[in-house]
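# Please work out how this folds:
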Amino acid sequence: MIPRIPINDCWLYLDNARIHKIRKVFGLFEEFNVNYFFSSPYSPDYNAIEFMFGYIKGAVKRYQHYQVVQAIKQVLKDLESRPELFRVWVDYAATNWQSNSL
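Okay, here's the model as predicted:
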């Protein structure tokens, strides 16, 4: 069973997409008493997925003797055996965000 968390104890983290900043969305936030905050302007240093994309691009180049699809499959297989990389990328992005937002 999923625990129910009171809405006042939750925060909605939004990127800076235009749709998130329209009046109707703000009206819904106010109507339902939703706490929210926006991310800082885009920076790949704050986005862990960028580290994964970089890793994949580098690995695909290493496997260039394969066709692209085979190379991506090989990279994903490599990543499966190294789950600690995901934690490193997330921690690095969070550390950058915290140090630059203070």
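
# mind checking the SS state of F37?
State at F37, reduced to three classes by DSSP: H, G, I helix; E, B strand; the rest coil: strand.

# Burial check on the closest residue in space to N16 that isn't next to it in sequence, number of neighbours?
Computed as Cβ to Cβ, 6 or more residues apart in numbering, the closest residue to N16 that is not its neighbour in sequence is F38, at 5.9 Å. Placement of C-beta: from N, CA and C, glycine included. Look at F38: counted by other Cβ atoms under 10 Å, it has 13 neighbours.

# what's E30 in contact with, if anything?
Taking Cβ atoms under 8 Å, 6 or more residues apart in numbering, we find E30 in contact with no residue.

# My read is that V25 contacts I19, right?
Yes - the pair V25 / I19 is scored as a contact, 7.0 Å apart, by Cβ atoms under 8 Å.

# Which strand residues bridge the residue nearest to N16?
With DSSP bridges applied, F38 shows beta-bridge pairing to L14.

# just the strands in this protein please.
Counting by DSSP state E, the chain has strands at residues 11-14, 35-38.

# Of those strands, which is nearest K73?
For the strands of the chain, proximity to K73 was assessed by Cβ to Cβ; strand 11-14 is nearest, at 32.3 Å.

# which other helices and strands contact the longest helix along the chain?
Across the chain, the longest stretch assigned as helix under DSSP state H is helix 84-101. Applying 3 or more Cβ pairs under 8 Å, 6 or more residues apart in numbering; DSSP states H and E, we find helix 84-101 packed against helix 48-62.

# To what extent is L85 buried, counted in neighbours?
The number of residues near L85, taken as other Cβ under 10 Å, comes to 14.

# what's the spacing between V68 and M52?
Distance, V68 to M52, using Cβ to Cβ, to the nearest Å: 17 Å.

# the more surrounded of the two?
Using other Cβ under 10 Å, the more surrounded residue of V68 and M52 is M52, with 16 against 10.
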